[in-house]
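A.B. asks: Kindly generate the corresponding structure for this input.
(one chain, ligands or ions: 1)
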Amino acid sequence: MSEKIRWGILGPGGIAHKFADALKAIPDAEIVAVGSRNLQRADAFADTFDVPHRHGSYIELANNPEVDVIYVATPHPFHKACAILCLEAGKAVLCEKPFTVDAEQAEALIACAREHKQFLMEAMWTRFIPIMVQVREWLVDGVIGEPRMLTANFGNQVPMTVENMKGRLFAPELAGGAMLDIGVYTVSLASMVFDAPTKIASLAHIGETGVDEQAAILLSYDAGQIASLSCAITTRTSQDARIFGTKGAIHIPNFSRATSATLEVIGREPLQIEIPFTDNGFEYQVLEVINCLRAGKLESDVMPLDESLSIIKTMDTVRAQWGLEYPPFSSVL
Ligand SMILES: NC(=O)c1ccc[n+]([C@@H]2O[C@H](COP(=O)([O-])OP(=O)(O)OC[C@H]3O[C@@H](n4cnc5c(N)ncnc54)[C@H](OP(=O)(O)O)[C@@H]3O)[C@@H](O)[C@H]2O)c1
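C.D. replies: Sure, this is the predicted structure:
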């Protein structure tokens, strides 16, 4: 492995810009290549972030020998094909959330990483932010006793402009909708606290364009724990998470990008902690990938592949309850 971990960016769209901002601030990392379906878009991104290798195809990027690890940042339906392309070319992969559109895709992707003995991780950046590390420590230390209930809400009101209505969030052919885009954070949090649910119940409003505009999801677990989750792209809701245990509770405001949390232990004064990001918050998942690669690990202990699969399985069950099916996806390669 080279002195700095050499990153390639695949799909230089909205989130890739934010990711590159974080990457540029990490001394142990450099962006050496970008791949777009269109060379002009690769050039524009490369000019912005001072990237030496620009590729007008994802295949060229995957085969660039100067690259150690590729960040896959396409819309959801293309994560699997793009990540497999990179893994087969001998690259480690950090793949945007949701990991894939469904469990069948996730299983194929994980099998490919294992067959090629390449690192693979879902870019569930929220897991790696310092507040979430602190929350996990509180849970492991039993500070709130046994966690019994959890609520997490993540609703945005995306302006109904013509441009947005034609964009990926409202497009069934791009697996749009609230759950896969932001509901996944709530499902992932419940998974982090309680593991895989044994019972799932859900309701959704499917909007005019044929995607879930808002949804509520109830999960229950072997020992009777319950998670109550909601997500929306047409309604702004609170974006808080609360974990209730037998001895107290944890409140995480804006849980997906939290910089503070409050610990409320019964009989004690509430303890509020604040831990600001050093950059835009994406830096922590990048550091996790770098540490795993340097340690020769093929997956992260914090966001393991089997858990990413389990999260997708939960969302498959939820979507089946709504009767929501996407049209066949186009090919991206
Ligand atoms: N972690 C987070 O906070 C966060 C936030 C937003 C989004 N995301 C995730 O990141 C992924 C990308 O989201 P985004 O908002 O960045 O998407 P986007 O800007 O709409 O698309 C990203 C790039 O994907 C490429 N692409 C390939 N096939 C495409 C197609 N058929 N239609 C449109 N673009 C296509 C395009 O790049 P080229 O054509 O130039 O190759 C495009 O610029 C999603 O899976 C989303 O869930 C994560």
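A.B. asks: Could you list the buried residues of stretch 292-306?
C.D. replies: For stretch 292-306, burial by neighbour count (16 or more other CB atoms under 10 Å) applies to 292-293, 298-300, 302-303, 305. For glycine as for every other residue, the C-beta is placed from the backbone atoms N, C-alpha and C.
A.B. asks: okay if I get those as JSON lines plus secondary structure, distance to the ligand and pLDDT?
C.D. replies: Output for those, formatted as JSON lines (DSSP: H, G, I helix; E, B strand; the rest coil; distance: CB to the nearest ligand atom, whole Å; pLDDT from 0 to 100):
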{"residue": "Cys292", "secondary structure": "helix", "distance to the ligand": "18", "pLDDT": "98"}
{"residue": "Leu293", "secondary structure": "helix", "distance to the ligand": "20", "pLDDT": "98"}
{"residue": "Leu298", "secondary structure": "coil", "distance to the ligand": "22", "pLDDT": "98"}
{"residue": "Glu299", "secondary structure": "coil", "distance to the ligand": "19", "pLDDT": "98"}
{"residue": "Ser300", "secondary structure": "coil", "distance to the ligand": "15", "pLDDT": "98"}
{"residue": "Val302", "secondary structure": "coil", "distance to the ligand": "15", "pLDDT": "98"}
{"residue": "Met303", "secondary structure": "coil", "distance to the ligand": "12", "pLDDT": "98"}
{"residue": "Leu305", "secondary structure": "helix", "distance to the ligand": "17", "pLDDT": "98"}
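A.B. asks: Let me know the closest of those to Ile131.
C.D. replies: Using CB to CB, Val302 comes nearest to Ile131 of these, at 13.8 Å.
A.B. asks: Assess the claim that that closest one and Leu287 are in contact.
C.D. replies: No - under the criterion of CB atoms under 8 Å, Val302 makes no contact with Leu287, lying 11.0 Å away.
A.B. asks: Which pair in the buried residues of stretch 292-306 has the greatest spatial separation?
C.D. replies: Longest span within these, CB to CB: Leu293 and Leu305, 15.4 Å.
A.B. asks: shared neighbours, Val302 and Leu287?
C.D. replies: Phe128 (CB atoms under 8 Å, 6 or more residues apart in numbering).
A.B. asks: could I have stretch 157-171 exported to CSV, CA atoms only?
C.D. replies: The C-alpha coordinates for stretch 157-171 follow below in CSV (Å, rounded to 0.1, in the frame of the first residue of the first chain):
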residue,chain,number,x,y,z
GLN,A,157,-39.5,18.5,2.5
VAL,A,158,-37.9,18.6,-0.9
PRO,A,159,-39.2,21.6,-2.8
MET,A,160,-41.6,20.5,-5.5
THR,A,161,-39.7,22.2,-8.4
VAL,A,162,-39.9,20.8,-11.9
GLU,A,163,-36.2,19.9,-11.6
ASN,A,164,-36.6,18.1,-8.3
MET,A,165,-39.7,16.2,-9.5
LYS,A,166,-37.7,14.9,-12.5
GLY,A,167,-34.7,14.1,-10.2
ARG,A,168,-33.6,10.8,-8.7
LEU,A,169,-35.6,11.2,-5.4
PHE,A,170,-38.9,11.1,-7.2
ALA,A,171,-37.9,8.7,-10.0
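A.B. asks: Name the residues of that stretch that are buried.
C.D. replies: Buried residues in stretch 157-171 (16+ other CB under 10 Å): 158, 168-171.
A.B. asks: Any chance of those in TSV with pLDDT, distance to Val72 and secondary structure as columns?
C.D. replies: Shown next, in TSV, are the buried residues of stretch 157-171 (pLDDT from 0 to 100; distance: CB to CB, whole Å; DSSP: H, G, I helix; E, B strand; the rest coil):
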residue	pLDDT	distance to Val72	secondary structure
Val158	95	23	coil
Arg168	95	15	helix
Leu169	97	19	helix
Phe170	97	22	helix
Ala171	97	19	coil
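A.B. asks: Skipping adjacent residues, who's closest to the residue of the chain found nearest the ligand in space?
C.D. replies: Per CB to the nearest ligand atom, Gly13 is where the chain lies closest to the ligand, at 2.4 Å. In space, and not counting its chain neighbours, Gly13 is closest to Ala73: 6.3 Å by CB to CB, 6 or more residues apart in numbering.
A.B. asks: any low-confidence regions in the stretch 1-150 of the chain?
C.D. replies: 1-2 (pLDDT under 70).
A.B. asks: what about the strands in it?
C.D. replies: For the stretch 1-150 of the chain, strands defined by DSSP state E, counting those that start in this stretch occupy the ranges 5-10, 29-35, 53-55, 69-72, 92-95, 120-122, 147-155.
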